[in-house]
Structures are given as structure tokens and as C-alpha cells.
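1. Here is the input, now give the coordinates:
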Amino acid sequence: MKHISVFDMLKIGVGPSSSHTLGPWRAAQEFVQELKDKDIFHQTTDIQVELYGSLSLTGKGHATDLAIMLGLSGKDPVTIPIDEIDTTIGHINTRQYLELGGEKAIPFLPEQIHFKRDFLPYHANGMRFCATMGNEEIYQSTFYSIGGGFITKESDEQIVDLSENDNFPYPTASSENIIQQTVKYGLSISQLVLENERSVRSKEEIHSQLDAIWAVMLESIYLGCHTEGFLPGGLMVRRRAFDMYQKLKNPKNQYQNHAEWIKSIRNTKMHYREIFKWVSTFAIAVNEVNASLGRVVTAPTNGSSGVIPSVILFYLAIENHKAGNDEIRKFLLTAGVIGSIFKRNATISAAMGGCQAEIGVSSAMAAAGLTELRGGTPRQCLNAAEIAMEHHLGLTCDPIKGLVQIPCIERNAMGAIKAINASELALETNPEHVKVSLDNVIETMWQTAKDMNSKYKETSEGGLAVSVKIVDC
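-> Below you'll find the predicted structure:
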């Protein structure tokens, strides 16, 4: 049985969308590598790309075309300096060529990326790359971006998942698996997941990667809270995290770095209403960074990237002032495995399941992680995830103008608040009295996704995307 790593669920990348930006970016990189593997890279004289389904319908708003060009150019979403993105795209547009794989200049115009409204059979996010060699020979390759930055490859015989592992010792493919394993070995969820990860990498590597993930999460909150102005894309959406933070902060508290900033929040007196404002500010901050092609962590997607960081910072800065790296790592390990169950048994792609597959899953992940830090049992952690997801069932994906802005940014704040409340409810519940399991709600979410009208699945053809006129924005 194959398993999905925490580091597959929590990936560092560039906004605004994991399925429409990060996935196509990775597919373009993979295609370039295929050209090299087949020894046709140096003979390639032309590249054409076709985007299908949701990638076509909302691709412009999600910067899918830019991601394709960056991936073909050999740029990596984890390491590329953010200010290099506009420069690279500008050079391609003005010089009318790109450096394929960062090595070989070939003519290229943005019009060589074609937007097709029809859908390919396997998934709503399909893309086809076509390379022409000097002798007019053509090589084609089809990929699907299935959410969270995951991509699959279409071969003649089957759909091949490019990102799963098959050598984890403890099964975690369902919540029932997790209960069986934690009971049998007397482990918490985070301890169980840590043991799985240690089968493929050292404990030091695991901690280092988890710390790197949190560093990006924290930076995205900090940057969002300290950046004012308007988001790109044409809707003229004003950034709110900056203004919200200015009203919440104590002007007497000074800081020079992230650690001092967290300490300043801890030293700020806050009442009940302020706590919810802080959590909302953190979540909105991340997704404003995401909407402006900034660096965030898929959690499990870019569109839902604000939920988990905001709940972690809530725990660090508001609930438990003694918490540190150990608690952050436990949270991420627990949250990551919850996300993997959804990915395996349902979907984390809004193009397949609506926003329940993004915000709903991220809220469930955060609820479980928070519950473990609060001393909850594995059953209570899973119950918290179930409660959070249950109350996101049926949530549609209807971004105005195809941008990850309205209503996406606010939904992260709502998902974070629901996660905290779900944790509270789970901790006050005897697991023996729970009637609905996490596996039950995942099955229900998947059935709901299949029954949902396609226009509510990240196509901008239904919901707020059509009822709110662009001229009114």
C-alpha cells in the first residue's frame, strides 16, 4: 500500500494556486526532464502547450501561463527569488524566446500556450505539452494537476502518480488505520507519522524540513501583516491584513525579527473579540501574499494556505507562550497525515470537489494538529478533523475573475476559526459517543464532490463568479 509523505502535503511554492500554478510549473519542469531523458532536448526547436478544463477556464487568473513559462525556463518554485518572476516573464515577452531548462534558447510567444475549454477524461486540470524537433518529429506528453501541487502523468497504459511512497511501515491510509496503529503501539498521531517519515529520512532531516516549512509560513504571515496596498489582477482588492494588524498591535512593542514579533504579540493585551481578529489577520495575511505570487506553503493547497499557519501562530502567540519548535513539528506531522487521508480517499482539488476540498481539508488538518497540542487523544484529534470537515461540506469554489482573492482569502479566516472551535468541541466530547467518523465524512465529501455541479468547481462559471459583475468591483 502506497503512502503519502507529510512533505508531499506541505510543499513550499509560489502562489496563487497549487493546482493551477505550482502543479503546471512542476509539470513543465517534468516535461523538460523527459526531453532530456529521451535525448531529444537539444533537437527541440518549438514548444506548444494546451491547457484544458479548469486550467483553461481560470488559468489566466491563477497565472497558469506564467507558471508554465517559468517551469519551461528551468526556474524552481521553491528557490526562485520572488522578484525574479516578473523579470523572467518580461524577458520572454519582449525577446520572444525562452531558455529551455535554463540551457537552450528557443523561440517562444505567450500565444504558444493554448486555452482549451473542453475537459480531458481523467481530471479537470489537464495539460498537454508538445515538442517539435528539427526534423519535424513531434513528442507529446500529458499531465494532470490534481491539487496541492501534485501531478500525475498519463501514459498509454495507466495514470501514474508521481509523488507517492510505498515503503512506510505503518498504514495511515484511513482514520481507522491510524487508530489501529496508535492503539497497538501506544503512540500519538505525530509520533506515528514521525516513525513513518524516519523510514525514508533521518530525524534531523525531518526536523530541518519541518522547520523550513514553518519558516516560510511565518514569513508569509509577517509579510502580509506588514504590506499595504492593492492586490494584482484587476479587481483592485485592497489588502486588509496590514490595516487589521495596525489596529490590533500595541504600538509600544518594538521588534526587529520574527521571534521578537511573536513576543510582542504575546505581550499585547487582548480580549475575546481580539483573539478572533488576530487569527483572521494571520490567515488573511498569508493569502494576500499568495494572491500576489508570493511564497507560501501548500497546506494542503495554496488557496487554503492561510488556515494552518494562522492556527499554529494562534497557539504560539496567544494560547501557549511556552510553545516552540517541538510543538510546531508535532502540529505539522499530525496535520500532514490528515491531509493525506483526504488526498487518497477523496480529493484536495477544488476543480474536482469545490472549496470543501481545499478550505474544508485545511480546517480539518488544523483542527487535528491543534487538538494534539492541547493534549487530545488520537481519537479526539480525528474527531476534531471530522467536525471541521463536516461543517464545510458542499462549499463551492467560485472565484471572481478566476483570481484567488474573492471569496478565497476570507474563507481562510473562516476555516481557521472553525478549526479552533472544532478542536474545542472534540476535547469536550467522549470519543466513545461520536456517531460520525472521519472516514465517514471523507466518503461523504467525495460523494458530494461527485454530485456537485461542475460550474461550482473552480470554473468561474457559477456562484459569486457570475453573480458579482466585474464592473461592480
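2. Pull the distance from stretch 43-56 to the chain's centre.
-> Computed by Cα atoms, centre = their mean, to the nearest Å, the chain-centroid distance of stretch 43-56 equals 23 Å.
3. then it to PDB, C-alphas only?
-> Presented in PDB, the C-alpha positions along stretch 43-56 are these (Å, rounded to 0.1, in the frame of the first residue of the first chain):
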ATOM      1  CA  GLN A  43      17.000  18.900 -31.000                       C
ATOM      2  CA  THR A  44      13.800  20.600 -29.700                       C
ATOM      3  CA  THR A  45      13.000  23.800 -31.700                       C
ATOM      4  CA  ASP A  46       9.400  24.500 -30.700                       C
ATOM      5  CA  ILE A  47       7.200  24.000 -27.600                       C
ATOM      6  CA  GLN A  48       3.400  24.200 -27.700                       C
ATOM      7  CA  VAL A  49       1.200  23.800 -24.500                       C
ATOM      8  CA  GLU A  50      -2.500  23.100 -24.300                       C
ATOM      9  CA  LEU A  51      -4.400  23.800 -21.100                       C
ATOM     10  CA  TYR A  52      -7.800  22.000 -20.600                       C
ATOM     11  CA  GLY A  53     -10.800  22.300 -18.400                       C
ATOM     12  CA  SER A  54     -10.400  24.300 -15.200                       C
ATOM     13  CA  LEU A  55      -6.800  25.200 -16.100                       C
ATOM     14  CA  SER A  56      -8.200  26.900 -19.200                       C
END
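4. tell me which residues of that stretch are tucked away?
-> In terms of neighbour count (16 or more other Cβ atoms under 10 Å), stretch 43-56 has its buried residues at 43-44, 47-56. Quick note: C-beta positions are derived from backbone N, CA and C, even for glycine.
5. could these go into CSV alongside pLDDT?
-> Below are these laid out as CSV (pLDDT from 0 to 100):
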residue, pLDDT
Gln43, 95
Thr44, 96
Ile47, 97
Gln48, 97
Val49, 97
Glu50, 97
Leu51, 96
Tyr52, 95
Gly53, 92
Ser54, 90
Leu55, 92
Ser56, 89
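6. Show only the entries of the residues you listed found in helices.
-> 54-56 (DSSP state H).
7. can you list the residues you listed in CSV and add distance to Gln405?
-> CSV is the format used below for these (distance: Cβ to Cβ, whole Å):
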residue, distance to Gln405
Ser54, 17
Leu55, 18
Ser56, 20
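8. Endpoints of stretch 16-26, how far apart?
-> End-to-end distance for stretch 16-26, by Cα to Cα, to the nearest Å: 14 Å.
9. Hmm, I typed the wrong one, I wanted stretch 311-328.
-> 11 Å.
10. What is the most widely separated pair among the buried residues of stretch 43-56?
-> Gln43 and Ser54 (33.1 Å; Cβ to Cβ).
11. ok, and the closest non-adjacent residue to Ala299?
-> Spatial nearest neighbour of Ala299, chain neighbours left out: Ile308 (4.3 Å); criterion: Cβ to Cβ, 6 or more residues apart in numbering.
12. what's the closest non-adjacent residue to the residue nearest to the spatial centre of the chain?
-> Here the mean C-alpha position of the chain is nearest to the C-alpha of Thr301 (Cα atoms, centre = their mean), at a distance of 1.5 Å. Counting by Cβ to Cβ, 6+ apart, Thr301 lies nearest to Ser18, which is 4.2 Å off, once chain neighbours are set aside.
13. Go ahead and confirm the one you found touches Gly149.
-> Yes: using Cβ atoms under 8 Å, Ser18 and Gly149 qualify as a contacting pair, with a distance of 4.4 Å.
14. hey, what's in contact with both of these two?
-> 11, 298, 301-302 (Cβ atoms under 8 Å, 6 or more residues apart in numbering).
15. Export these as CSV, with columns for pLDDT and distance to Glu288.
-> Below are those laid out as CSV (pLDDT from 0 to 100; distance: Cβ to Cβ, whole Å):
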residue, pLDDT, distance to Glu288
Lys11, 94, 20
Thr298, 95, 17
Thr301, 95, 16
Asn302, 94, 12
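16. Closest one of those residues to Asn93?
-> For those, with Asn93 as the reference and Cβ to Cβ as the criterion, the closest is Asn302, at 24.0 Å.
17. For the residue nearest to Ala299, give me its contacts.
-> Taking Cβ under 8 Å, 6+ apart, one finds 217, 297, 299, 331-332, 335, 362, 365-366, 369 in contact with Ile308.
18. Helices - which of those residues land there?
-> 217, 331-332, 335, 362, 365-366, 369.
19. show me the contacts for the residue lying farthest from the centre of the chain.
-> In the chain, counting by Cα atoms, centre = their mean, Asn135 sits farthest out from the average C-alpha position, at 41.0 Å. Neighbouring residues of Asn135 by Cβ under 8 Å, 6+ apart: Gln43.
20. Roughly how far does it sit from Gly101?
-> Taking Cβ to Cβ, to the nearest Å as the measure, Asn135 and Gly101 are separated by 20 Å.
21. Ok, Phe108 next?
-> Phe108 is 13 Å from Gly101, by Cβ to Cβ.
22. ok, back up a step: okay, now the residue nearest to Thr301: neighbour count?
-> 36 (other Cβ atoms under 10 Å).
23. Retrieve the pLDDT associated with it.
-> On pLDDT, Ser18 comes in at 88.
24. did I read that right, the residue farthest from the centre of the chain in a strand?
-> No: under DSSP: H, G, I helix; E, B strand; the rest coil, Asn135 sits outside any strand and is assigned coil.
25. Over to it: give its phi and psi.
-> When read as degrees, to the nearest 10, the backbone of Asn135 gives phi -90, psi 20.
26. Ok, Ala131 next?
-> phi -110, psi 140.
27. Does it have any beta-bridge partners, and if so which?
-> Here Ala131 sits in beta bridges with Ile47, Tyr139, as judged by DSSP bridges.
28. got a list of what it touches?
-> 31, 35, 40, 44, 46-47, 138-140.
29. Name the next helix or strand downstream of the helix or strand of the chain with the lowest mean pLDDT, please.
-> The helix or strand of the chain with the poorest confidence is strand 159-161; it has a mean of 44 (mean pLDDT, DSSP states H and E). Downstream of strand 159-161, the next assigned helix or strand under DSSP states H and E is helix 175-185.
30. Give me the contact list for the very next helix or strand once past that following helix.
-> On the C-terminal side of helix 175-185, the nearest following helix or strand under DSSP H and E is helix 189-198. Here helix 189-198 makes contact (Cβ under 8 Å, 6+ apart) with 3, 5-7, 168-170, 172, 178, 181-182, 185, 187, 203, 206, 329-331, 333-334, 336-337, 368, 372, 378, 381.
31. so where is this protein shaky, pLDDT-wise?
-> Filtered on pLDDT under 70, the chain yields the residue ranges 1-2, 155-166, 470-473.
32. neighbours around His78, how many?
-> Careful, residue 78 is Val and not His. 12.
33. check contacts around the residue nearest to it when sequence neighbours are not counted.
-> Using Cβ to Cβ, 6+ apart and skipping residues adjacent in sequence, the residue nearest Val78 is Ile12, 4.9 Å away. Ile12 makes contacts with 77-78, 212-213, 216, 295-297, as judged by Cβ under 8 Å, 6+ apart.
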